[in-house]
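*Asks:* 3D, please:
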Amino acid sequence: MIKHIAFTLFIGSLLLTIFGCHRNENDILSEENIIDIDSGKFLALVDNSKWHPVKHTATYLPQHNQLYILASDDNSRASSNASLSGGIDLDPVNPLKKYLLETNSDNAFKINYNGAFFSDNNMADAGGTFTLTKFDTVNKKISGILQFTGYDRYRKAKVKFTSTIIDDIPLKIDTSNYTVNNASCTVQAATTSYWETKNVYASIDCMSGKEETLYIRISSMVKMYVSGKDLLFIIPLKNTIGKYQIYPGLPPYIYCGDNRMTSDFCSYNYQNKYYATSGELNIINVDTALRKLNATFNVQYRDTTSKGETVQISNGTINLNTWIRFGEPR
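*Replies:* Numbers count the residues shown, from 1 in each chain. Purely as a prediction, here's the structure:
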């Protein structure tokens, strides 16, 4: 009897050793075992790998009516520097809804996971959705469901991101003043989408004598100042109300003091921008003293590779209520 009990215990111990010591890491990262640095829970799949960022937060900008999300500092073996960033323009009437993440539009997310991948890059199957299921500005928590396909800057590799848990993420409220600069347009490229954004930066780029040149960068929700999703315009301010031909942002048109207007389109790869081939910008109103400008535009762009891809941007509007001059804080 004693030998039988001992043999049973031995077999049980052996089975525990075989199966217990070889538990998959994904099994460990279950909902019950999530311990995050911030309050709330965040768990996702990047392709087929579970990713558990232990730091996460959301920021709500009431004057911009935008919601940003950041998750980082993962504990997976696949990537020691993984992070997620991006956001959406909230519906002011019904914020709890499903928001589209389209290629070449404003709502966008970026995932750093063995490379950087962007939901709004110029590919037909890029994009996805973000469903906001909780938006509590009193207790400062949000919850949601996020899924998207993102492409790297060269549009050669892609990943699929799917959240399994985004629950009670801490919410910060940023009441910073809004410059009220905004822009919108229809983009016909890999797909056709409507791009409306408040992420419009304007500054005096150069001065030739007393003549100033205005640099305008229209960006998506993913703010990338070195290599991002940008629509760029260079406008010499000696040009007043009227319609003007658009030239590519290449020599000889880009030299400081040149009176011609230029434009480029960039989809996360500044080494392969799309340059204007035709189009016009119509200045409806400009006041250099008050730093205000209103304009419309229609421009076609083409890349410089053998592919010769084109991007057609139509029904464009730019509304500037301020810009920055040399020496002023950004």
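
*Asks:* quick check: pLDDT value at the nearest residue to Ser72 once chain neighbours are set aside.
*Replies:* Excluding the flanking residues, the one nearest Ser72 by CB to CB, 6 or more residues apart in numbering is Ser83, at 3.9 Å. For every residue, glycine as well, the C-beta is placed using N, CA and C. According to the prediction, Ser83 has pLDDT 92.

*Asks:* cool, Ala71 as well?
*Replies:* 93.

*Asks:* cool, Tyr99 as well?
*Replies:* On pLDDT, Tyr99 comes in at 97.

*Asks:* just checking, what packs against the helix or strand encompassing it?
*Replies:* Secondary structure from DSSP states H and E places Tyr99 in strand 98-102. The helices and strands touching strand 98-102, judged by 3 or more CB pairs under 8 Å, 6 or more residues apart in numbering; DSSP states H and E, are strand 83-89, strand 127-136.

*Asks:* most tightly packed of the ones you listed?
*Replies:* Compared across these, strand 83-89 shows the largest average neighbour count, a mean of 22 (mean count of other CB atoms under 10 Å).

*Asks:* now it against strand 127-136, angle please.
*Replies:* Strand 83-89 runs at 80 degrees relative to strand 127-136, counting by axes from the mean of the first three to the mean of the last three CA atoms, to 10 degrees.

*Asks:* please could you give me each C-alpha atom of strand 83-89, formatted as PDB?
*Replies:* Output of strand 83-89 as PDB, limited to C-alpha atoms (Å, rounded to 0.1, in the frame of the first residue of the first chain):
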ATOM      1  CA  SER A  83       4.900  51.000 -27.600                       C
ATOM      2  CA  LEU A  84       1.500  52.100 -29.000                       C
ATOM      3  CA  SER A  85       0.500  55.700 -29.700                       C
ATOM      4  CA  GLY A  86      -2.200  57.500 -31.600                       C
ATOM      5  CA  GLY A  87      -5.700  58.900 -31.300                       C
ATOM      6  CA  ILE A  88      -9.000  59.900 -32.700                       C
ATOM      7  CA  ASP A  89     -11.100  63.000 -33.200                       C
END
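
*Asks:* coming back round to it: mean pLDDT lowest where, among the helices and strands packed on strand 98-102?
*Replies:* strand 83-89 (a mean of 94).

*Asks:* quick one: strands adjacent to it?
*Replies:* strand 66-74 (antiparallel), strand 108-112 (antiparallel) (DSSP bridges).

*Asks:* show the average pLDDT along the helix or strand that the shortest one is followed by.
*Replies:* If I follow you right, that is strand 108-112. Downstream of strand 108-112, the next assigned helix or strand under DSSP H and E is strand 116-118. The average pLDDT within strand 116-118 is 94.
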